[in-house]
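Novice: could you work out the structure for the sequence below:
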Amino acid sequence: MSRGIVYLIGAGPGDPGLITVRGRAALMKADVVLYDRLGTEALMHLCRPDARLIDVGKAPDRVAMTQDDTTALCMELGRQGLVVARLKGGDPFVFGRGAEEAEALVAAGVPCLVVPGITSAIGAPSAAGIPVTYRAMATGFTVVTGHEDPAKDAEQNDWDALAALPHTLVVLMGMGRLPAIAERLIAAGRPADQPAAAIQWGTTPHQRTVVATLGTLPQRVEEEGLGNPAILVFGDVVSRAPGLAAAGRPVLAGTTVVVTRARAQASDLAAALDLMGARVIQLPVIRIEPLKGSPELDAALADIGAHDIVIFTSANGVEQMAARMTERGLDARSLRADQTIVAVGTTTSAALASHGIRADVVPERFVGEAVLDALASTAVEGRRVLIARAADARPVIADGLRARGATVSDVAVYKTIAERPADDVIEAALDADIITFTSSSTVTNTLALLDDAQRARLASGPRVVSIGPVTSDTVRSAGLVVAAEAAHHDIPGLIDALVDLGRS
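Specialist: This is a model prediction of the structure:
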């Protein structure tokens with residue numbers, strides 16, 4: 001039996017993008033994942049499809065598994081030769097009892113490796129625009145647990161000493177005892193008018209921050225309805241929050257964005273949106289399927305070097321064409337050096353480059369009409385042209401080149417198939433702030449999922465962002481309003497449009 005290992009992984013303060021590279025890698029290869037309640041659920045998509053997921057989280061009035069049972073389970077799974085990810089919110093060694101688990105594993109002879117994470121004690125204030133240190137204001141910071149009752153004589157926290165420190169004081173897990181903590185600090189000498197803040201769900205799209213004073217924070221928190229999970233910050237540094245809030249808060253923070261692309265294509269867009277603070281709902285309404293057994297495609301591939309112009313209308317077309325070429329023992333060398341290669345869009349051009357093929361022509365606008373404009377000065381009469389496209393693509397390029405005397409092989413290399421996401425995902429998407437459409441098929445397939453009442457919700461609910469004019473026309477023909485259209489009709493352009501809309 002192979003020797004197992006237990007990774008004690010810090011998941012970070014809540015934003016799934018803040019897990020470390022090493023933590024992500026360990027999570028992705030784990031056979032079993034034991035995860036906590038806070039800051040971990042959004043990372044479950046990184047787990048292997050066959051990984052066993054076990055909730056060992058603890059919350060007020062709810063314990064999925066005791067600490068002793070969790071530690072024992074880690075040891076048992078490690079002894080079985082499994083790769084175990086013990087995923088903890090924040091950092092494993094900051095009030096996460098990770099040290100206790102590590103000691104037990106080492107004593108039992110089970111290999112373990114600690115993967116540090118960003119603690120919420122630093123991450124949440126940063127996201128709220130609060131620097132825990134600031135020159136000439138706070139030369140240090142102290143982090144304590146708020147689980148202990150300040151009214152008890154036997155607790156470990158020395159509130160008199162904490163109140164006397166000229167440092168920033170960060171209290172984790174203290175919301176339930178905030179009034180007593182504030183009262184104790186004031187009684188010990190901290191000024192009642194010292195700036196103070198409570199940050200709930202720090203670094204996540206649900207982040208909420210209340211800035212007040214040490215004396216008024218308990219009342220303000222109650223008025224605003226803040227609850228757990230949250231951290232408390234006491235110190236003059238809180239006064240920097242208004243000026244630094246924009247720096248700590250991503251441009252799309254608090255915005256829910258729906259991605260309707262095929263699941264295999266959605267990762268880049270979803271990752272970029274996540275980096276900007278958006279909550280992403282993946283609603284894959286299509287999937288890409290290669291066209292196999294196509295006589296037209298086989299004939300075009302067999303004679304690919306004889307074409308004078310080869311046009312790729314999408315990155316999907318590039319990938320599917322490349323896959324079929326590989327199956328037939330062909331590659332970039334099968335193309336002639338004097339062939340004109342046309343890519344519709346920078347994404348398509350980049351896909352070609354990844355296969356060693358340089359695009360000679362990339363139209364400024366990423367639509368079929370722009371291809372005809374870009375080739376307006378190119379002699380095409382009597383020349384052979386190959387177009388690699390989707391099965392449902394418009395014939396505008398082929399028709400335009402044939403009208404100019406070209407011999408055109410207009411070949412479908414893939415098709416889009418309708419997908420049906422789960423009903424709860426559809427419902428969540430209808431309540432989102434923004435929905436993105438990257439092709440006409442994503443529009444029509446989304447509408448096909450909805451009943452009349454849901455279509456009415458879509459029309460009055462999420463703002464629509466379209467990748468380009470053809471997709472926008474499909475949106476409008478369905479009776480929907482286009483809130484924003486990408487100036488450059490590719491994923492980077494779509495992201496720019498989202499950012500502009502988010503700032504408006």
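
Novice: spatially speaking, which residue is in the middle of this structure?
Specialist: residue 274 (3.2 Å; Cα atoms, centre = their mean).

Novice: for that one, give me its contacts.
Specialist: Neighbour list for residue 274: 15-17, 280 [criterion: Cβ atoms under 8 Å, 6 or more residues apart in numbering]. Yep, even glycine has a C-beta here, placed from its N, CA and C like the rest.

Novice: quick one: it is in a strand?
Specialist: No - counting by DSSP: H, G, I helix; E, B strand; the rest coil, residue 274 falls outside a strand, being helix.

Novice: so the residue of the chain positioned farthest from its centre, which state does it fall into?
Specialist: Distance from the centre of the chain peaks at residue 382, with 48.9 Å (Cα atoms, centre = their mean). Taken by three-state DSSP, the conformation at residue 382 corresponds to coil.

Novice: what residue ranges in this protein score low on pLDDT?
Specialist: 1-2, 37-39, 58-64, 148-155, 246-248 (pLDDT under 70).

Novice: nearest spatial neighbour of the residue farthest from the centre of the chain, chain-adjacent residues omitted?
Specialist: residue 405 (6.1 Å; Cβ to Cβ, 6 or more residues apart in numbering).

Novice: can you check residue 314 too?
Specialist: Spatial nearest neighbour of residue 314, chain neighbours left out: residue 348 (5.7 Å); criterion: Cβ to Cβ, 6+ apart.

Novice: how about residues contacting the helix or strand where that neighbour lies?
Specialist: Using DSSP states H and E, residue 348 sits in helix 346-354. Applying Cβ under 8 Å, 6+ apart, the external contacts of helix 346-354 come out as 312-315, 317-319, 341, 343, 358-359, 362, 366, 488, 490-492.

Novice: so which of those residues are in helices?
Specialist: 315, 317-319, 491-492 (DSSP state H).

Novice: possible to save those as JSON lines with distance to residue 46?
Specialist: Listed next are the ones in helices among the contacts of helix 346-354 as JSON lines, based on distance: Cβ to Cβ, whole Å:
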{"residue": "315", "distance to residue 46": "24"}
{"residue": "317", "distance to residue 46": "30"}
{"residue": "318", "distance to residue 46": "27"}
{"residue": "319", "distance to residue 46": "24"}
{"residue": "491", "distance to residue 46": "21"}
{"residue": "492", "distance to residue 46": "24"}
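
Novice: list the contacts of the longest strand anywhere in the chain.
Specialist: If you go by DSSP state E, the chain has its longest strand at strand 407-418. With contact meaning Cβ under 8 Å, 6+ apart, strand 407-418 is reached by 262, 285-291, 294, 296-297, 299-300, 307, 316-317, 320-321, 324, 382-393, 395, 397-398, 401-402, 439, 441, 445, 448.

Novice: what residues sit buried inside that strand?
Specialist: Residues of strand 407-418 classed as buried by neighbour count (16 or more other Cβ atoms under 10 Å): 408-416.

Novice: off-centre distance for that strand?
Specialist: On the basis of Cα atoms, centre = their mean, to the nearest Å, strand 407-418 sits 31 Å off its chain's mean C-alpha point.

Novice: neighbouring strands - and their directions - for it?
Specialist: Neighbouring strands of strand 407-418 in its sheet, by DSSP bridges, are strand 286-290 (antiparallel), strand 384-390 (parallel).

Novice: go through the first one and flag the buried ones.
Specialist: It refers to strand 286-290. Residues of strand 286-290 classed as buried by neighbour count (16+ other Cβ under 10 Å): 286, 288.
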